[in-house]
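> pasting the sequence and the predicted coordinates here, then a few questions.
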Amino acid sequence: MSGYLSQKVDDLNSGHVARPAPRQFAMGRCASPQQLSQNLQQAILGQHDAIASVVRALTIAAAGIRDPHRPIASLLFVGPTGVGKTELARRIAAEVAGDPDKLCRIDMNSLAQEHYAASLSGAPPGYSGSKEQFTLFDRELVEGNISRPGIVLFDEVEKAHKTVLRSLLQILDTGVLTLASGTSSISFRNSIIVLTSNLGSHELARQARAGSMTMRTVWNTVKSAAGIGLAADHDPVMDAVENFFDPELFNRFDEIVKFRPLGRDESRMIVDHELARLRTQLLKNGIEWEPDDTVCEFLADKGFDPVYGARNLKRVVRTQLHAPIADLVVNSDLQDRPFRIATSVHRETIIAVKCRNDAF
């Protein structure tokens with residue numbers, strides 16, 4: 001049971017139960033913070049610090065000691081593109097609500113003009129649509145229910161107009177959004193609010209391109225500076241975040257979760273994950289395939305890009321591996337199935353060939 005509703009139940013029971021049972025962690029299908037952390041780390045690679053921040057915020061909520069008049073947690077995810085910020089929000093929805101798509105997602109890049117603030121709070125009285133009380137928020141997904149909290153994702157907040165961002169103040173402060181018509185409101189007190197941003201990533205990329213350092217090296221330099229008390233002068237991410245947000249909005253985030261740039265080790269793990277998924281899909285179609293180390297190393301080396309993160313890896317896997325395998329599959333007869341595929345690297349290109357079942 002989520003924090004806000006569990007507090008309500010405790011209030012109702014306070015006059016009837018002398019000693020309520022000790023509260024246990026119950027956040028979706030996870031029975032402990034350790035299980036939640038483990039599940040998230042299996043899906044989001046190389047972001048242990050970010051996952052620890054998320055688990056900490058949800059543990060406080062599950063313990064019932066948070067402020068019941070605010071959202072369960074208000075988390076700002078910042079970091080380079082392609083490192084898992086949006087995917088972590090979807091994984092939270094999968095663990096808490098049982099479905100990675102069971103969240104209210106607001107793409108802030110589509111709210112780049114001032115008048116789009118009415119898309120969140122509704123049209124004010126006297127304007128067209130005020131009686132309909134239209135809003136982008138899905139009330140069911142936002143408010144959740146007694147067994148699961150709602151998940152709200154504001155994606156790429158830096159692309160929205162400042163007026164749109166200021167409309168979030170009421171949500172983060174009181175956990176309630178009163179629509180502009182004044183006749184109804186939406187409660188966010190049973191919601192986990194996640195905001196994502198790429199603020200500061202351009203500066204990290206510029207520093208990496210200007211010298212011989214990778215994004216990970218630049219990041220480690222920033223962390224070392226923070227360790228000796230120089231964070232304010234040497235952290236381009238936090239500088240960009242503080243300069244972008246109004247102080248009153250910045251001060252309402254429960255936690256600012258920083259994502260690290262991906263390194264080569266994480267790139268290899270992502271490639272292994274993608275190849276395992278491809279192998280499973282092929283098996284469903286009666287096709288056997290086992291990737292070898294040369295293919296994995298080739299894809300990890302060719303797809304590694306510290307600026308564009310995991311998305312560049314997936315592009316390389318798609319063009320270099322999926323394409324030759326798909327060409328082989330669609331040009332084979334259905335009567336030949338099941339069969340096996342062998343892949344190898346030849347002159348910087350992956351070759352896929354069909355083998356007999358006894359060829360291995």
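In hand now; what should we look at?
> His115: how many residues sit nearby?
11 (other Cβ atoms under 10 Å). For every residue, glycine as well, the C-beta is placed using N, CA and C.
> what kind of secondary structure is it in?
helix (DSSP: H, G, I helix; E, B strand; the rest coil).
> pLDDT wise, what is it at?
Looking at His115, its pLDDT reads 84.
> same question for Leu45.
The predicted local confidence for Leu45 is 86.
> Met269 is in contact with that one, correct?
Yes. The pair Leu45 / Met269 is scored as a contact, 4.8 Å apart, by Cβ atoms under 8 Å.
> these two: who's more crowded?
Between Leu45 and Met269, counted using other Cβ under 10 Å, the more crowded position is Leu45 (19 against 14).
> for the more buried one, what are phi and psi?
phi -90, psi 140 (degrees, to the nearest 10).
> ok, it - contacts?
Gly84, Glu266, Met269, Ile270, His273 (Cβ atoms under 8 Å, 6 or more residues apart in numbering).
> that one and Leu282, how far apart?
Distance of Leu45 to Leu282, given as Cβ to Cβ, to the nearest Å: 23 Å.
> against Asp305, how distant is the closest residue to Tyr308 other than its chain neighbours?
Leaving aside its sequence neighbours, Tyr308 sits nearest to Gly82 (Cβ to Cβ, 6 or more residues apart in numbering; 5.3 Å). The gap separating Gly82 from Asp305 is 8 Å, by Cβ to Cβ.
> which residues do these two both contact?
Asn312.
> settle it for me: which of the two has more neighbours?
Gly82 (24 against 18).
> show me what contacts that one?
Leu262, Tyr308, Gly309, Ala310, Arg311, Asn312.
> now, of those residues, which are buried?
Using 16 or more other Cβ atoms under 10 Å as the burial test, the contacts of Gly82 include Leu262, Tyr308, Gly309, Ala310, Asn312 as buried.
> was I right about the third one contacting Thr86?
To tie it back to what came earlier, the one meant is Gly309. No. Using Cβ under 8 Å, Gly309 is not in contact with Thr86; the gap is 11.6 Å.
> so where do the strands sit in the stretch 151-300 of the chain?
For the stretch 151-300 of the chain, applying DSSP state E, counting those that start in this stretch gives strands covering 176-178, 185-187, 191-197, 255-258, 287-289.
> how about stretch 261-269: buried residues?
Pro261, Leu262, Gly263, Glu266, Ser267, Arg268.
> for Ala94, state which of the residues you listed is nearest.
Distances from Ala94 to the buried residues of stretch 261-269, taken as Cβ to Cβ, are shortest for Glu266 (20.6 Å).
> find the nearest non-adjacent residue to that closest one, please.
Closest to Glu266 by Cβ to Cβ, 6+ apart is Gly46, at 3.6 Å.
> surely the one you found forms part of a helix?
No. Counting by three-state DSSP, Gly46 is located in no helix; its state is coil.
> who are the contact partners of it?
Contacts of Gly46 by Cβ under 8 Å, 6+ apart are Val83, Gly84, Arg260, Leu262, Gly263, Asp265, Glu266, Met269.
> and the two most separated of the residues you listed?
Gly84 and Asp265 (14.7 Å).
> that older thread, so of the contacts of Gly46, which ones are in helices?
Counting by DSSP state H, the part of the contacts of Gly46 found in helices is Asp265, Glu266, Met269.
> quick one: low-confidence parts of this structure?
1-28, 125-132, 207-234, 334, 356-360 (pLDDT under 70).
> residue contacts, Ser201?
Ser201 touches Gly79, Pro80, Thr81, Val237, counting by Cβ under 8 Å, 6+ apart.
> of those, which is the most crowded?
Gly79 (27 neighbours).
> wait, isn't it in contact with Asn198?
Yes. Counting by Cβ under 8 Å, Asn198 is a contact partner of Gly79 at 7.4 Å.
> alpha carbons of the helix or strand Asp301 falls within, as CSV, please.
In the assignment (DSSP states H and E), Asp301 maps to helix 293-303. Taking Å, rounded to 0.1, in the frame of the first residue of the first chain, the C-alpha atoms of helix 293-303 are listed here in CSV:
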residue,chain,number,x,y,z
ASP,A,293,32.3,-13.4,-28.4
THR,A,294,33.7,-12.0,-31.6
VAL,A,295,30.2,-10.7,-32.6
CYS,A,296,29.6,-9.3,-29.2
GLU,A,297,33.0,-7.5,-29.1
PHE,A,298,32.5,-6.1,-32.6
LEU,A,299,29.1,-4.7,-31.8
ALA,A,300,30.2,-3.3,-28.4
ASP,A,301,33.3,-1.6,-30.0
LYS,A,302,31.4,-0.2,-33.0
GLY,A,303,28.4,0.9,-31.1
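> list the contacts for Leu321?
Shown in contact with Leu321 (Cβ under 8 Å, 6+ apart): Leu275, Leu278, Val295, Leu299, Thr343, Ile350.
> compute the number of surrounding residues for Phe77.
Counted with other Cβ under 10 Å, Phe77 comes out at 27.
> what sits against it?
Phe77 neighbours (Cβ under 8 Å, 6+ apart): Ala50, Lys85, Leu88, Ala89, Val194, Leu195, Thr196, Ser197, Val257, Phe259.
> how much space separates it from Glu158?
Counting by Cβ to Cβ, the gap from Phe77 to Glu158 is 12 Å.
> identify the contacts common to those two.
With Cβ under 8 Å, 6+ apart as the test, Phe77 and Glu158 both reach Ser197.
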